[in-house]
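Asker: One predicted model, sequence on top.
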Amino acid sequence: MNSRRDFLQKLTASAIALPFFTEHASAETKNKNDKPYDGPVLKVAIMGLGSYGTRVADAMVACKAAKLTGAISGTPSKIKAWQEKYGIPEKNCYNYENFDQVKNNPDIDAIYVITPNGLHKDQVIRVAKAGKHAISEKPMAVNAAEAREMVEACKKANVKLLVGYRMHFEANTLEVIRMRTSGELGKIYFFQGLSGFRIGDPTQWRLNKKLAGGGAMMDIGIYSINGARYMIGEEPIWITAQETKTDPVKFKEGVDETIQFQMGFPSGAVASCLSTYSMNGLDKFYLNGEKGFAEMQPSTGYGPIKGRTNKGELNLPHVTHQTVQMEEMSAIILQGKKPVVPVDGEEGLRDMIIIDAIFEAAKTGKKVMLK
Ligand code: NAD
């Protein structure tokens, strides 16, 4: 109990059984006249068959423009179970030693890396060298230097690099972004982001500095960072941060338990955020502008996302986030579609630069200026 999985599952419990992906299909994939979809299909292998990898695989069953065609794992029994569950042929299955051979496999266009954070950089670079598009889970790496290496490697190999920012495709989130960009909220002054849950098992990789790259900030605090950026629509220019630790045995050196941080934006807007592994059920965004506001709670869980604005309830229907995400990522990779909020490697790198600055500000107690 008390794991991230329990927390997110509670948020999504009512959503899992909903019918997949109908009225909110992207323009490219929408089945206008009930004709079968005959557009391009992104053939995807998932690397890391853990909790989130399984959620993505399940969500992809309902995709039209993306198809799960391969699996990469160090555990043969998991591969076998996935083969049976998702109909994956033997020739599309790899382990962590031999997955470079995917180079010669036309059944796989892209590899979605869903392993612990500390492994993303090397795995994405190997995917790029094998000539396949890479999708990395968030955080894309454990610091900005690693993220830059990934962006460069994918550029050099001429493959796309995307990051699994599923909220960038969520309908209610996009409605708030539309209200802000259309001027309905007026000049934006303030954002509050609360992101956290109580983490359980002290032996899990999320509390291992080498595999996680940190603690709550890498895992859940990143939602407030990324959210502040897409809700305000600007890039921060300064950061201040304060860290508190109540359990230094569980949260070892370099593994943050709770960090409060503030970000200043060029327009004068400010964000005040909390990232924590010690408080349950924190999943709230609040955006305030001179003419209106948006409040979302839950704001980043698996949904349904709920909230209200000065105009009333946010009530766009829930669609499984990862289904929409993979449909949209197919259009981005295969058709060059430009999403409302980017999900590319540069976007992931921006969050990593901010996380580096938050850690520096928390450590030194000083305001960190960003270029
Ligand atoms: P998990 O522990 O459930 O799964 C991780 C998988 O990686 C396991 O199958 C494990 O066997 C494999 N693995 C490979 N090498 C490993 C190693 N050296 N040590 C440990 N495991 C190893 O974790 P998860 O919850 O699936 O998270 C995986 C990634 O997905 C993380 O980067 C996490 O931040 C991200 N994630 C994203 C979301 C989202 O909503 N976008 C949600 C959950 C997790």
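Answerer: Looks like it came in fine. Numbering: from 1, shown residues only.

Asker: For residue 268, give me phi and psi.
Answerer: phi 100, psi -10 (degrees, to the nearest 10).

Asker: what about the closest residue to it other than its chain neighbours, helix or strand, and which?
Answerer: Using Cβ to Cβ, 6 or more residues apart in numbering and skipping residues adjacent in sequence, the residue nearest residue 268 is residue 189, 7.4 Å away. (Glycine included, C-beta is placed from N, CA and C.) Following DSSP states H and E, one finds residue 189 within strand 188-196.

Asker: quick one: buried residues of stretch 100-118?
Answerer: 102, 105, 108-118 (16 or more other Cβ atoms under 10 Å).

Asker: That one vs the ligand: in contact?
Answerer: Yes: remark: stretch 100-118 sits within contact range of the ligand at 114-117, by Cβ under 6 Å from any ligand atom.

Asker: Could you check how far residue 285 is from residue 344?
Answerer: Using Cβ to Cβ, to the nearest Å, one gets 23 Å for the distance from residue 285 to residue 344.

Asker: Check residue 136 too.
Answerer: The value you get for residue 136 to residue 344, if Cβ to Cβ is used, is 11 Å.

Asker: what's the answer for residue 179, then?
Answerer: 24 Å.

Asker: Then residue 220?
Answerer: Where residue 344 is concerned, residue 220 sits at a distance of 22 Å (Cβ to Cβ).

Asker: quick one, which of the two is more surrounded?
Answerer: Using other Cβ atoms under 10 Å as the criterion, residue 220 and residue 344 rank with residue 220 on top: 23 against 16.

Asker: Isn't that one up against residue 196?
Answerer: Yes: between residue 220 and residue 196 there is a contact under Cβ atoms under 8 Å: 5.8 Å.

Asker: Spell out which residues are contacts of both of those two.
Answerer: Counting by Cβ atoms under 8 Å, 6 or more residues apart in numbering, the shared contacts of residue 220 and residue 196 are 275-277.

Asker: Settle this for me: residue 127 is touching residue 111, isn't it.
Answerer: Yes: here residue 127 reaches residue 111: they are 4.6 Å apart, a contact under Cβ under 8 Å.

Asker: For these two, list the residues in contact with both.
Answerer: Contact criterion Cβ under 8 Å, 6+ apart; residues shared by residue 127 and residue 111: 47, 99, 102, 133-134.

Asker: care to break this structure down by domain?
Answerer: What automatic domain parsing lists as the domains of the chain is 4-166, 167-314+345-369.

Asker: Columns mean pLDDT on top of these, output as CSV?
Answerer: Listed next are the domains of the chain as CSV, based on pLDDT from 0 to 100:
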stretch, mean pLDDT
domain 4-166, 87
domain 167-314+345-369, 98
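
Asker: Quick one: closest of these to residue 329.
Answerer: domain 4-166 (5.7 Å; Cβ to Cβ).

Asker: Off-centre distance for the closest one?
Answerer: From the chain centre to the centre of domain 4-166 is a distance of 12 Å (Cα atoms, centre = their mean, to the nearest Å).

Asker: Next, count neighbours for the residue of the chain found nearest the ligand.
Answerer: The minimum distance from the chain to the ligand, using Cβ to the nearest ligand atom, falls at residue 50 (1.9 Å). By other Cβ under 10 Å, 16 other residues sit near residue 50.

Asker: I'd like the numbering to begin with 5 instead of 1 from here.
Answerer: Renumbered: residue one is now 5, and that last one reads residue 54.

Asker: Does it touch residue 123 like I think?
Answerer: No: Residue 54 is not in contact with residue 123 according to Cβ under 8 Å; the separation is 11.6 Å.

Asker: so what's the nearest residue to residue 210 once chain neighbours are set aside up against?
Answerer: The spatially closest residue to residue 210, leaving aside those adjacent along the chain, is residue 216, at 5.1 Å (Cβ to Cβ, 6+ apart). Listed by Cβ under 8 Å, 6+ apart, the contact partners of residue 216 are 120-122, 146, 209-210, 222-223, 259.

Asker: ok, for residue 333, nearest residue in space, not its chain neighbours?
Answerer: Once flanking residues are discounted, residue 333 sits nearest to residue 166: 5.7 Å by Cβ to Cβ, 6+ apart.
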